[in-house]
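Visitor: Got a predicted model here, sequence first, then my questions.
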Amino acid sequence: MRPPRRRGYRELLLLLGLVAFAASVTGSFWVVFLSKVRELPPELVASLFAGATFVAAAMSFVLSRVPSLPATKTMIAGLACLAGMQVALAALEGPPLYALFALLYGLYIPLFFLPWNVLVTEQTRFHDRGAKLAGISLGYNAAAVGAPFIGGLVAGLMGFPALFLLGAGVLVVAATVAALYAQRPDDVRLRFDLRRLGGRVAAAYLAQGGIDGVLWTAIPLVALTFVTQDVQLGALFSLFALMGGVFGVVLGRWSDRIRRRRRFIVLGATLPIPLAVAVALAPNLAVFAIANGLLSATLIVGPTFVNAVAVDRLEGEVGLVMCTREALLNVSRGTTSVAILVLFLLGLPVQLVLLLVAVLLPLEALAR
C-alpha cells in the first residue's frame, strides 16, 4: 500500500496556485462578459457581486455551526461550485445565469477558503508566521500573473464560452490535486466568536472587507472606461497581479528578519492611502494602471499581519479566527457593494467611490 502524500505548506500553495490561475484567467472578464455580451446594466452587475458576498457570509455562519468539517471534501465542494459557475457563464443566459452566478460564487468562497485557510495557517509558527502568511499572497500572484493576459487571448480567439470552460477544466485539475493530498483524518473545527476574536481585530477585518467590496465592484467598472479590447484588459490586470507578486517577494524576505507585527500593520494601513486617492482621481489609463498596480501591491501588507497578530494571540484556535474573519469580511464586502450601488444610482462617478478605500484603511491599524 502506498504511503499517503504529505500535505504541507507547499502542497497547499500548489492547490491555491491552481485555483488562482483558474479564477484569474476568467475573473478579469466576468464583468466584460456580463455587461457587453449579456448586456446587463452596470448596477445589476454590481448587485450580483453583492449578492454573492451575502451568500458567502451566510454559508460562513452555517459552517460555524458544524462541529467538525472534513477539509478536503469541503474544499472540493467549493471548487465544484466555482466550476459550475463557469459552466453557467458558458451555457446559460438571463435570470438562471444571474442567480447561479451569485449563488455558486458566494458558496465557493467559504467552502474552499475556510478549510484551506485553517490548514495553511496551522502550518505556521510564531517564528515563521509572518513570512509564510506573506507567501500566500506571493503564491497567488505568481500563479495569476499571466492568467488575465492568457484569458484575453482565449476570449479574443475562441470566444468567452471557451474561456469559461477552460477555467472550469483547471478547477477540475485543482480538485484532483486536493483529493490526491487528502489526509486521514483532515477535519477542521470552525467557530464564530466575535468576543474571543476581539473588537480591534474585528474592526480591522470589517475594514478589509469594505476595501474588498470597493475594489471588487468599482475597479472592473472603472477599467472598462479606459479599455475596450479584451486582450488589453487582460494585459492591464496582469500588471496589477505582477506588482502584487513582486511586492510579496520583498515583503516575505523582510518579514523573515523583522518579527514585530505592529509596524507592518501600520505600514499596511498608511502606505496605500495616497495610492487609493491617485486611483480615484486618475485621468487616464497610464495613471490608473500604475496607481492601481501599486495599490494592489501594497494592500497585501495590512491583511497579512492582521492575520498574524490574531493567530499569535489565539494560536490554538485557528478555526475560530478564520471562521469569524470570513463572516466579517463577507458581510462587509456585501454591505460596501450595496453602498456603491446606491451611490452609483444617485449619480456619483464610480471612480470617485475608490476614495472609500482611503477612508477605511486607517481602521486596519486598530488590530493588535
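Guide: Good, I have the coordinates.

Visitor: Tell me the gap between whatever helix or strand residue 202 lives in and the middle of its chain.
Guide: In this assignment (DSSP states H and E), residue 202 forms part of helix 199-226. Centroid separation for helix 199-226 versus its chain: 10 Å, with Cα atoms, centre = their mean, to the nearest Å.

Visitor: Numbering from 47 from now on, please.
Guide: From this message on, residue numbering opens at 47, which makes the last subject helix 245-272.

Visitor: what about residue 139, how many residues close to it?
Guide: 12 (other Cβ atoms under 10 Å). For the C-beta atoms, the positions are set from N, CA and C on the backbone; glycine is no exception.

Visitor: ditto for residue 130
Guide: Look at residue 130: counted by other Cβ under 10 Å, it has 18 neighbours.

Visitor: Could you do the one 4 residues further on as well?
Guide: By other Cβ under 10 Å, 21 other residues sit near residue 134.

Visitor: repeat for residue 413
Guide: A count of nearby residues for residue 413, using other Cβ under 10 Å, gives 28.

Visitor: what sits against it?
Guide: Going by Cβ atoms under 8 Å, 6 or more residues apart in numbering, residue 413 touches 246-247, 249-250, 311, 351-352, 355-356.

Visitor: tell me the contacts of the residue nearest the centre of the chain?
Guide: Nearest to the geometric centre of the chain sits residue 258, at 7.7 Å (Cα atoms, centre = their mean). Residues near residue 258 by Cβ under 8 Å, 6+ apart: 375, 378-379, 382.

Visitor: out of those residues, who's nearest residue 398?
Guide: residue 382 (14.6 Å; Cβ to Cβ).

Visitor: packing partners for the helix or strand hosting that closest one?
Guide: Per DSSP H and E, residue 382 falls inside helix 364-391. Counting contacts by 3 or more Cβ pairs under 8 Å, 6 or more residues apart in numbering; DSSP states H and E, helix 364-391 packs against helix 88-110, helix 141-167, helix 240-243, helix 245-272, helix 347-359, helix 401-406.

Visitor: gap between the last one and the chain center?
Guide: Centre-to-centre, helix 401-406 and its host chain are 18 Å apart (Cα atoms, centre = their mean).

Visitor: ok, the closest residue to residue 382 other than its chain neighbours - how many residues close by?
Guide: Leaving aside its sequence neighbours, residue 382 sits nearest to residue 259 (Cβ to Cβ, 6 or more residues apart in numbering; 3.0 Å). For residue 259, the neighbour count with other Cβ under 10 Å is 29.

Visitor: Quick one: the contacts of residue 413 as JSON lines, columns for pLDDT, neighbour count and distance to residue 366 too.
Guide: As requested, the contacts of residue 413 are arranged in JSON lines below (pLDDT from 0 to 100; neighbours: other Cβ atoms under 10 Å; distance: Cβ to Cβ, whole Å):
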{"residue": "246", "pLDDT": "92", "neighbour count": "15", "distance to residue 366": "16"}
{"residue": "247", "pLDDT": "93", "neighbour count": "24", "distance to residue 366": "11"}
{"residue": "249", "pLDDT": "94", "neighbour count": "16", "distance to residue 366": "17"}
{"residue": "250", "pLDDT": "94", "neighbour count": "29", "distance to residue 366": "16"}
{"residue": "311", "pLDDT": "86", "neighbour count": "24", "distance to residue 366": "20"}
{"residue": "351", "pLDDT": "87", "neighbour count": "30", "distance to residue 366": "19"}
{"residue": "352", "pLDDT": "91", "neighbour count": "28", "distance to residue 366": "15"}
{"residue": "355", "pLDDT": "87", "neighbour count": "21", "distance to residue 366": "14"}
{"residue": "356", "pLDDT": "91", "neighbour count": "28", "distance to residue 366": "9"}
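
Visitor: so which pair among those residues is furthest apart in space?
Guide: 249 and 351 (15.0 Å).

Visitor: one step back: out of the helices and strands packed on helix 364-391, which is closest to residue 174?
Guide: With Cβ to Cβ as the yardstick, what comes closest out of those is helix 347-359 (10.4 Å).
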